[in-house]
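J.: need a structure here:
(2 chains)
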Protein chains: 2
Amino acid sequence: MSFEITQEFYEELIEAIEQENTEKIQKSLHNLRPADISSMMDEMDTEQCIFLIHLLPFEVSAEILSNLDEDTRTEFLRNFRADEIAQWIDYTDSDDAADLLNEMPLKLREEILAHVDFEKAGYITDLLHYEEDSAGGLMAKELIRANVNWTVVQAIDEIRRQAEKVEKIYSLYVVNDRNVLLGRVSLKKIILASDGVRIKDIYDESVISVKTYEDEDDIADLMRKYDLEAVPVVNARQELMGRITIDDIVDVITEKAELDRQLMAGISEDIEEDDSVWTLTRARLPWLIVGMAGGLLGARFIGFFEADLAMLPAMAFFIPLITATGGNVGIQSSSIILQSLATKSSFMRDNYLSRMIKVLLVAIINGLVIGLIVFAFTFVLDISIKLAFTVSAALFFVVLLASFMGTITPLILDKMNINPAVASGPFITTANDLLGLAVYFTIAHFLFGF
Amino acid sequence: MSFEITQEFYEELIEAIEQENTEKIQKSLHNLRPADISSMMDEMDTEQCIFLIHLLPFEVSAEILSNLDEDTRTEFLRNFRADEIAQWIDYTDSDDAADLLNEMPLKLREEILAHVDFEKAGYITDLLHYEEDSAGGLMAKELIRANVNWTVVQAIDEIRRQAEKVEKIYSLYVVNDRNVLLGRVSLKKIILASDGVRIKDIYDESVISVKTYEDEDDIADLMRKYDLEAVPVVNARQELMGRITIDDIVDVITEKAELDRQLMAGISEDIEEDDSVWTLTRARLPWLIVGMAGGLLGARFIGFFEADLAMLPAMAFFIPLITATGGNVGIQSSSIILQSLATKSSFMRDNYLSRMIKVLLVAIINGLVIGLIVFAFTFVLDISIKLAFTVSAALFFVVLLASFMGTITPLILDKMNINPAVASGPFITTANDLLGLAVYFTIAHFLFGF
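T.: This next block holds a predicted model:
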């Protein structure tokens, strides 16, 4: 029952738009959901988007707008007046509307708000205060609030009154006369209760709520842990301010995973493949230059041993082996710590000693295995046994040091409130390259007594 | 209103368990949710877990069991008889119960099922057929089904009948007499409809459903795209088989992100920091050995140029710079493609040509910048201008080649249905190390005409 957009479908739609074949377009779009139309519009140029959007009713096009990529949307909205944009805002949930307005210059934002429905404009203005990645920035104002003294019939009347504005209702949030959150009552309970029953007698006091200033990642952890589909947001006085639904948190989780992956890959901005060449370059160059600086430092360091290399050029053969092993071990180690930081309850985070002992044990085993295999293989390479021993010993110590570095770096970064995923990227590789070279050349220097 | 477990709290609880101070334990656990108790039990030893679980009512302990780590749970359940385990299963949703039984030997599984409530046992047996990562493996049998010919009152009666078994109700799934899924009707609509209204007249036909055999990652994409909190599962005959709720999909998304991160870090099993030293080693060694094999091949390759190195040892200085740059560029490139594969609609995946042109442009800019900076810096290192030129030229080509490799490898793996995240790990680094060495030494060899 779900529909997969094919490239052919997309191309036919584009053709119909170019021919301004309204009938054909409307027929193709008939079975599509707004999110599908958005993903196609992300690939279209602005003129095509504008033509398309005019064929759709406001409630559909408003949802399409919310789903568009930020870049596409900004480009698109540039072609409309404030009062036109306001018409879409009227059909958009307050959280998405606030995100949309946050992308705009202040003047335009004010002009749009002046045209928006009064209640909605108030909601949005409230939300604009909060940082984007806080509970306040994520929440929507639309929710169903039930006074604790109401009867079930009164609650149902309230649902009826708000039904159009609140698309998804999971629970009613129960408040006292001062809007202080007391608990929640599920729709299921409302349906099963007799009309005369009071909210007071059926609501659940143990509701989980978050404060407006809480961070989105913490909220994601909370909702995942307790399997929540929505969570109410309160201010410091426990007053009910809004609610966050799981669909927004799913986006938070996905974006966080992407960000971590990009940091691990040494990309410093949130980029996508279809960003401009310039954006892509800007996001990639910084870490490449860090790696380059490390490489130049390495060159300088090996330079000290030029005389040794002249005497024993075979030493150079194993440089890539040493640096690659250090890099691989370092990234593995930091990735295991990253995982712990991401999933472990914080109450178990501080077992540094037992952690280090285990890291050491794993490193010793890995180091021994790698060292021994390499020792065996170096015979094939026709080098002296002394050099074979040097390489193997260096590898063993590199594995140990890289494990240690890979383990403590994310822990330190986390303590400093820097995203520890940075540590799994070029940073660790570069540091371990240098470390590996130092170990290798130092052992060689002493063993051969140049 | 949510409660954060501190290390002190945990230690006091352990102390109370050791002293068998039942009253103190029950007081501490009073405000906790099952998921909190599970996360503490994951840290306890089995005797402590057993003592604790006996103090809790079955409906609570059943939820705690579902939330435990698989390892902790297996260890824990080993201490109970089939009929004891069956008591928990009675209180567990069918999807979690099937997961739990799937961890057990067949004989024990059958013994447990023999003691489970008849309807629940049937549900579970149905679910055991499906692969764990398919829609069938994820779905629960518990849901509310409404016949299309019913009135709203009949539907509410059905909700009442099932209320205890189905914890979270978002929608009623509408079926005909042959259990074929026709649509859905939200609880909100049920509440707002008058009692005499027929389901036929209010249900929504455009329900999104998935087939039992669909893959969990595809379902995650679908639910994220359309902001669904639950999705019905049908078989090939469109018969309603179960439903998947968003909390399970949030777990799928989180685990997928972890898996990708581990693959990128060169870890070949799903491990956690608190796994045994042996498990950790086994997960890490394979990729380390791949890296090592690459390093040995590199050593063999550089060996061909031993004479060149003897004449110009300074050539060796830049080996780490060359290999590191290749590795970094390769991982960046593959990570950008990974992101596209993860988030882009498939209908836009096949633009290979324009993709490659852009990759090439970004690579040329990055390669030029890196090459020129290094060229400038090599003067500091007191080497010949010829070598400086060699290094810079090699870097430029390494950036180009590594970009190309990093871009096509994940695309090829994806076509072959291998998780493309593998390509962002040691695989790409190793390949690029070798590529870089080949470019560097070949250019040097020809330029210097050894």
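J.: Let me see the contact set for A:Asn102.
T.: A:Leu128, A:Glu132 (Cβ atoms under 8 Å, 6 or more residues apart in numbering or on different chains). (Glycine included, C-beta is placed from N, CA and C.)
J.: and it, how far is that from B:Thr6?
T.: 36 Å (Cβ to Cβ, to the nearest Å).
J.: next one: A:Asn149
T.: 37 Å.
J.: The lengthiest helix in chain A - what's its average pLDDT?
T.: When chain A is scanned for its longest helix (criterion: DSSP state H), the result is helix A:385-415. Throughout helix A:385-415, pLDDT has a mean value of 90.
J.: Can you check my assumption that A:Asp227 lies in a strand?
T.: No. Counting by DSSP: H, G, I helix; E, B strand; the rest coil, A:Asp227 is not found in a strand; it is coil.
J.: Would you check that A:Leu108 makes contact with A:Arg81?
T.: No. Counting by Cβ atoms under 8 Å, A:Leu108 does not reach A:Arg81; the two are 9.6 Å apart.
J.: Those two: who's more crowded?
T.: A:Leu108 (16 against 11; other Cβ atoms under 10 Å in any protein chain shown).
J.: give the contact list for that one.
T.: A:Ala82.
J.: got it, and the one 3 residues further on?
T.: For A:Glu111, the residues meeting the contact criterion (Cβ under 8 Å, 6+ apart) are A:Ala82.
J.: just the one 10 residues further on next, same as before
T.: Counting by Cβ under 8 Å, 6+ apart, A:Ala121 makes contact with A:Leu113, A:Ala114.
J.: Using the three-state scheme, assign it.
T.: Reduced to three states by three-state DSSP, A:Ala121 is helix.
J.: A:Val207 too?
T.: Assignment for A:Val207 (three-state DSSP): coil.
J.: my read: it touches A:Val234, true?
T.: No. Between A:Val207 and A:Val234 there is no contact under Cβ under 8 Å: 9.9 Å.
J.: Need the overlap of contacts for those two.
T.: A:Leu181.
J.: Now whichever residue of the stretch 151-300 of chain A sits closest to chain B: closest residue in space that isn't a chain neighbour?
T.: Chain B sits closest to A:Gly295 of the stretch 151-300 of chain A, with a gap of 2.8 Å, by Cβ to the nearest Cβ. Spatial nearest neighbour of A:Gly295, chain neighbours left out: B:Leu321 (2.8 Å); criterion: Cβ to Cβ, 6 or more residues apart in numbering or on different chains.
J.: likewise A:Ile37?
T.: A:Ile64 (5.1 Å).
J.: swap in A:Phe51?
T.: A:Phe51 sits nearest to A:Ile17 (Cβ to Cβ, 6+ apart), 5.5 Å away.
J.: tell me the contacts of the one you found?
T.: Going by Cβ under 8 Å, 6+ apart, the list of residues near A:Ile17 reads A:Ile25, A:Met44, A:Gln48, A:Phe51, A:Leu52.
J.: Equivalent analysis for A:Glu273, please.
T.: Per Cβ under 8 Å, 6+ apart, neighbours of A:Glu273: B:Ile336, B:Ile337, B:Gln339, B:Ser340, B:Lys344, B:Arg355, B:Lys358.
J.: change it to 10 Å
T.: Applying Cβ atoms under 10 Å, 6 or more residues apart in numbering or on different chains, we find A:Glu273 in contact with A:280, B:336-341, B:343-344, B:348, B:351, B:355, B:358-359, B:407.
J.: and A:Ser134, backbone torsions?
T.: phi -100, psi 170 (degrees, to the nearest 10).
J.: separation between it and A:Ala299?
T.: 46 Å.
J.: tell me which element A:Ile17 falls in.
T.: Element membership for A:Ile17, per DSSP states H and E: helix A:7-18.
J.: one step back: would you mark the buried spots in the helix or strand harbouring the residue of the stretch 151-300 of chain A closest to chain B?
T.: Assigned by DSSP H and E, A:Gly295 belongs to helix A:277-303. Within helix A:277-303, the residues that count as buried by 16 or more other Cβ atoms under 10 Å in any protein chain shown are A:279-281, A:283-285, A:287-292, A:294-299, A:301-303.
J.: Near chain B, which residues of the stretch 51-200 of chain A? Just list them.
T.: Residues of the stretch 51-200 of chain A lying near chain B by Cβ under 10 Å from any Cβ of the partner chain: A:63, A:67, A:144, A:155-156, A:159-160, A:162-163, A:166-170, A:181, A:183, A:186-192.
J.: Mind giving me the PyMOL select for those residues, buried ones only?
T.: With 16+ other Cβ under 10 Å as the criterion, this PyMOL line picks the buried residues out of those:
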select buried, chain A and resi 63+67+144+155+156+159+166+168+169+170+181+183+186+187+188+189+190+191
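J.: I'd like to know which of the residues of the stretch 51-200 of chain A next to chain B are part of strands.
T.: A:Leu181, A:Gly183, A:Ser186 (DSSP state E).
J.: What is the nearest of those to B:Phe375?
T.: A:Leu181 (64.1 Å; Cβ to Cβ).
J.: ok, the closest residue to the closest one other than its chain neighbours - how many residues close by?
T.: Using Cβ to Cβ, 6+ apart and skipping residues adjacent in sequence, the residue nearest A:Leu181 is A:Leu240, 4.5 Å away. Using other Cβ under 10 Å, A:Leu240 is surrounded by 19 other residues.
J.: ok, how many other residues are close to the closest residue to A:Leu259 other than its chain neighbours?
T.: Closest residue in space to A:Leu259, ignoring its immediate chain neighbours: A:Asp270 at 6.5 Å, by Cβ to Cβ, 6+ apart. A count of neighbours around A:Asp270, defined by other Cβ under 10 Å, yields 13.
J.: didn't A:Asp270 look like it was pressed against A:Asp260?
T.: No. A:Asp270 is not in contact with A:Asp260 according to Cβ atoms under 10 Å; the separation is 11.5 Å.
J.: circling back: the residue nearest to A:Gly295 sits in which helix or strand?
T.: Short version, using DSSP H and E: B:Leu321 is in helix B:319-343.
J.: Can you work out which other helices and strands pack against the helix or strand just after that helix?
T.: Going down the chain from helix B:319-343, the next helix or strand is helix B:352-378, by DSSP H and E. Counting by 3 or more Cβ pairs under 10 Å, 6 or more residues apart in numbering or on different chains; DSSP states H and E, the packing neighbours recorded for helix B:352-378 are helix A:277-303, helix B:319-343, helix B:385-415.
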